[in-house]
Each structure stands twice: as C-alpha cells, then as structure tokens.
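*Asks:* Next input, structure requested:
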Amino acid sequence: MKHKSWHIKQIFSIVLILMFCIGILGVANVKGETLDKSDKIMVKKVIAKYFDDYYQSFVTYKLSENMADYMIDNDNTFLYKKLYEYDILSSKNIGTGYEDYKLDLKYSGMDINGSTAKVSVMRNIDYHYKGFSDIDSGLYDTQYQFTLKKMNGNWKIDNINTTNENYNYFKSEVSDFKVTRAAYSMKNYRDKVTDVCNQLVEESKTQNKELKNLNSSGISTLSVSKGYSWANGIAYAKRFAKAKRFFYIVPNQNDCTNFISQCVWAAYGGYNKSSDAKTKKNISSKFRMVKGVWYGGTGGGSSAWESVNPFYTYVNKAKTYGPKGKGYNNNKLAKSLTNIQVGDVLQSRRDGKKNVYKHSTYVTQIKDRQTFVTQHDIKSRAVSDWIRANGGVNHCYIRGIRFSGAKFVK
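*Replies:* Predicted structure coming up:
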C-alpha cells in the first residue's frame, strides 16, 4: 500500500513539474511574441516617419531636420537624402508642391532577425498640387525595400532600394557624372552626389521660363475628331491608373506603352464606360484593334501595342485600318514643344539616340497654364514635374502624337 502511494506521489510530482515547465514556456513564448510584435510596430513607425517627412516637405517646402534620428549615415542613405533635397528644392522652383497628401503603405514582407529587419512595402499616395485642389493626382504601386538596424533600442534605416522613377533618374545622373567628368574622378562619392544635386536644383530655377510656350494659356482642348473620343480615353486613363485593369500588365515597370495603347483604344470606342461586361467582350473579340499588328488582351499584346518606339512608328504609318496618329516635335527638346491637346500621347527620353524614346504618357487635362498627364500607376501628373524627373529642359526630349478618326474592321 505504501509502495502504491509512493508511486502516486511521484507521478503527481512529475505532473506538477511538467505543468510548471509548460507554464514557463508558455510565458516565454508570449513574451517573445510581444517583443516581436513591438519591434514590428517600431519598424513600421520608422518607415512611416521616413515617408511622412518626405511628403510633408512637398507641402511646406522645408527640409526635415530630424532624419538622423531614424537613418544611419552611410553612402546609401546619403544618396536618398540628396535625392530628397533635390526633389523638394526643385519642386519649389517649378511650383509643383502639394496642397495635401494621403499616404497608404502596404507591407508585403517583414523579416526581423535579431537586430536586423528587412522590409518590403508598396507606397501609394494621393495628393493635390498647390493651386489645383480640384484635380486628383496620385502615384501608385511603387515598391520599396528597407533594411533597418536596431541600435541602443531604436530602429534606424540602413539601406533603401526602390522602383521610384525619381530615384532611378537621380541615380543615373550620379552615374553619368562619374563616367563623363574625369575632373571629378578623384573626388569621393558623396562629393559627386552633392555636386549632382546642386546642379539639378540650379537647372530647375529656369525651367518655368524655358517652358513658357509649353504651358501657354492658348492651348486648345477641343476634340480633334468625331472618330477619336479623347473624353473616353481620359475616362479610361484616370480610372485605370490606379484600379485593377482587365488587360494584361507588362511586368518590371515596362507597362507604360501598353497602358497608353489601352487609352487610345478606349478613345476609339473600345472602352464602354457604362458596362464592364461589354468592355471585357470588346477585349476578347479584339474590337477596335488590328489583328496580328496592334492588339492587347489578358495574355499580352503585340510589339506595336506594348513598346514605345514600335507604337510611334505604327500609329504614324499610312494604313487602311488602325489608329491614325501624327507625330510632332520629334527629336527636339521639351522646351520647344507647343500646342499640346488633351487626348495626345507624349513620349520622352533623357538625351540618348534619335528616335529611341523610353516612356509614354497620355494627356488628360490642361488647366491654368499647366498640362497634366496620366500613365501606368500615375494619375494627373504635371508635365513640368515629369520633365523635371526626366532630364530637365536641357536633356529631356518629348515628342507628341495627335490622333484623328480611323477605320477598323470591327
């Protein structure tokens, strides 16, 4: 009997020990989760602070003085600080600051390993340019990758990478500066970045004067043809710059001309504003397209539909069926561009070879001496801002295409 009682006591003791251990492990796990959750919150606050400081400066035209509080000083972050400085000061010079903005950050990945955090986030921002509170502008689906380090209990940004167009432009300017100017070969990297920033800001001071003909108050906004409804093209452009489209989207940020072809197709009657079902049917039946030559769909499109230069060549080509365009200002700087009209397509390049352009956009509004364009993931962007981020008045070449009535098989 004593033997049995001893065994019962032993089992009871073991159960108590196990319960105690489970309790400790449970508390440890909860504590670990709490710490992890706290770190995630702090990391998100730092990233939000970075973006808010950036875009609030477009409202105030004042540079943030507290970036050192959440950014580690290295060559990567220095480049971003100078890009930020260039963006704000040049925007002030050409008058493309914001009256207000609404920021939306969508996190697609966050890996925290000890004192290092790697974060992937998509930035969306809606805003109004100063003086244009009735025109909704926006930049969408821009990818950012952040690396942060935890130092003395605080998270700080250590590295940034992005598909932001302004960053790619600024970085290319720094790269070209390094290659083409032998006199600077012995200067350190930060000196070169600073020189580029100062030079671009200085060039922006004369941009408005240089573009006086571009933003003329006499620009016509009348429809150029009954067969080409620019109003339908604009409605499509503004809706689908942000919204999910029925068409295939070309990956790797190469979707600009694919989107523009859709706008032109919409203007020729392919887009039915009152019926998405009818629009989808028009896409599948290749209505207002040209079989084997100029077409798009849910699975991709032709070269003339998706690529900048083949599009220009094709729409300007004499033909019986298909979109009818007429180019203007080809291989000339943006400052010689005049008489833009809504419904036109504009294509740009930063220096480079003749007839080899890089981007396409659609003219969606002209108001108070300012022209606005819409493109893939960008709604109602000021042309002057677009020029600023594509080489400025001395390096940005823009050609236009005006469309008129055309014939289609169906």
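*Asks:* what sits against Val46?
*Replies:* Residues in contact with Val46 (Cβ atoms under 8 Å, 6 or more residues apart in numbering) are Tyr70, Leu148, Trp155, Lys156, Ile157. (Each C-beta comes from the backbone N, C-alpha and C, glycine too.)
*Asks:* cool, Thr279 as well?
*Replies:* Counting by Cβ under 8 Å, 6+ apart, Thr279 has contacts Phe246, Gly270, Tyr271, Asn272.
*Asks:* before we move on, what about Val196?
*Replies:* Lys82, Phe170, Glu173, Val174, Phe177.
*Asks:* So the first one is in contact with Asp191, correct?
*Replies:* Right, Lys82. No: contact between Lys82 and Asp191 fails when scored by Cβ atoms under 8 Å: they sit 11.0 Å apart.
*Asks:* okay, these two: which has more neighbours?
*Replies:* Lys82 (21 against 11; other Cβ atoms under 10 Å).
*Asks:* which SSE is the more buried one in?
*Replies:* helix 75-94 (DSSP states H and E).
*Asks:* What are the boundaries of the helices in the stretch 251-400 of the chain?
*Replies:* Counting by DSSP state H, counting those that start in this stretch, the stretch 251-400 of the chain has helices at residues 256-267, 276-284, 303-306, 308-316, 383-388.
*Asks:* Return the most buried member of these.
*Replies:* Most buried of the helices of the stretch 251-400 of the chain, by mean neighbour count (mean count of other Cβ atoms under 10 Å): helix 256-267, with a mean of 27.
*Asks:* C-alpha coordinates for that one, PDB please?
*Replies:* The C-alpha trace of helix 256-267 is given here as PDB (Å, rounded to 0.1, in the frame of the first residue of the first chain):
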ATOM      1  CA  CYS A 256       3.800  52.400 -69.900                       C
ATOM      2  CA  THR A 257       3.100  52.000 -73.600                       C
ATOM      3  CA  ASN A 258       0.800  49.000 -73.000                       C
ATOM      4  CA  PHE A 259      -1.300  51.300 -70.800                       C
ATOM      5  CA  ILE A 260      -1.200  54.100 -73.400                       C
ATOM      6  CA  SER A 261      -2.400  51.800 -76.200                       C
ATOM      7  CA  GLN A 262      -5.300  51.000 -74.000                       C
ATOM      8  CA  CYS A 263      -6.200  54.700 -73.600                       C
ATOM      9  CA  VAL A 264      -6.000  55.200 -77.400                       C
ATOM     10  CA  TRP A 265      -8.100  52.000 -77.900                       C
ATOM     11  CA  ALA A 266     -10.600  53.400 -75.400                       C
ATOM     12  CA  ALA A 267     -10.800  56.700 -77.300                       C
END
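*Asks:* which helices and strands does it pack with?
*Replies:* On a contact count with 3 or more Cβ pairs under 8 Å, 6 or more residues apart in numbering; DSSP states H and E, helix 256-267 meets helix 230-240, helix 303-306, helix 308-316, strand 345-350, strand 359-367, strand 370-375.
*Asks:* how far does that helix sit from the chain's center?
*Replies:* Relative to the chain's own centre, helix 256-267 is displaced by 18 Å; criterion: Cα atoms, centre = their mean, to the nearest Å.
*Asks:* Stretch 82-97 too?
*Replies:* A distance of 17 Å separates the C-alpha centroid of stretch 82-97 from that of its chain, computed with Cα atoms, centre = their mean.
*Asks:* what's in contact with it?
*Replies:* By Cβ under 8 Å, 6+ apart, the residues outside stretch 82-97 that reach it are 54, 57-59, 61, 63-64, 129-131, 166-167, 170, 193-194, 196-197, 200-201, 204-205, 207-208, 382, 384-385, 388.
*Asks:* Tell me which of those residues fall in helices.
*Replies:* Among the contacts of stretch 82-97, DSSP state H puts 54, 57-59, 166-167, 170, 193-194, 196-197, 200-201, 204, 207-208, 384-385, 388 in helices.
*Asks:* Buried subset of the residues you listed as a ChimeraX selection?
*Replies:* Buried subset of those, written as a ChimeraX selection, criterion 16 or more other Cβ atoms under 10 Å:
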select :54,57,58,166,167,170,193,194,196,197,200,201,204,207,208,384,385,388
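*Asks:* packing partners for whichever strand or helix holds Asp176?
*Replies:* According to DSSP H and E, Asp176 maps onto helix 165-180. When contacts are defined as 3+ Cβ pairs under 8 Å, 6+ apart, helix 165-180 packs onto helix 75-94, helix 189-204.
*Asks:* contact partners of that helix?
*Replies:* In contact with helix 165-180 (Cβ under 8 Å, 6+ apart) are residues 79-80, 82-83, 86-87, 184-185, 192-193, 195-197, 200, 350, 389-391.
*Asks:* now that helix, how far from the chain's geometric center?
*Replies:* The answer for helix 165-180 is 17 Å, by Cα atoms, centre = their mean.
*Asks:* got the angle for that helix vs strand 359-367?
*Replies:* 120 degrees (axes from the mean of the first three to the mean of the last three Cα atoms, to 10 degrees).
*Asks:* Extract the C-alpha trace of helix 165-180 and format it as PDB.
*Replies:* Extracted C-alpha coordinates of helix 165-180, given in PDB (Å, rounded to 0.1, in the frame of the first residue of the first chain):
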ATOM      1  CA  GLU A 165      11.200  56.900 -61.000                       C
ATOM      2  CA  ASN A 166      12.800  59.900 -59.400                       C
ATOM      3  CA  TYR A 167      15.400  57.700 -57.600                       C
ATOM      4  CA  ASN A 168      16.300  55.900 -60.800                       C
ATOM      5  CA  TYR A 169      16.700  59.300 -62.600                       C
ATOM      6  CA  PHE A 170      18.800  60.800 -59.800                       C
ATOM      7  CA  LYS A 171      21.000  57.700 -59.600                       C
ATOM      8  CA  SER A 172      21.600  57.700 -63.300                       C
ATOM      9  CA  GLU A 173      22.700  61.400 -63.100                       C
ATOM     10  CA  VAL A 174      25.200  60.500 -60.500                       C
ATOM     11  CA  SER A 175      26.400  57.500 -62.500                       C
ATOM     12  CA  ASP A 176      26.800  59.600 -65.700                       C
ATOM     13  CA  PHE A 177      28.500  62.400 -63.700                       C
ATOM     14  CA  LYS A 178      31.100  59.800 -62.600                       C
ATOM     15  CA  VAL A 179      31.700  58.500 -66.100                       C
ATOM     16  CA  THR A 180      31.800  61.600 -68.200                       C
END
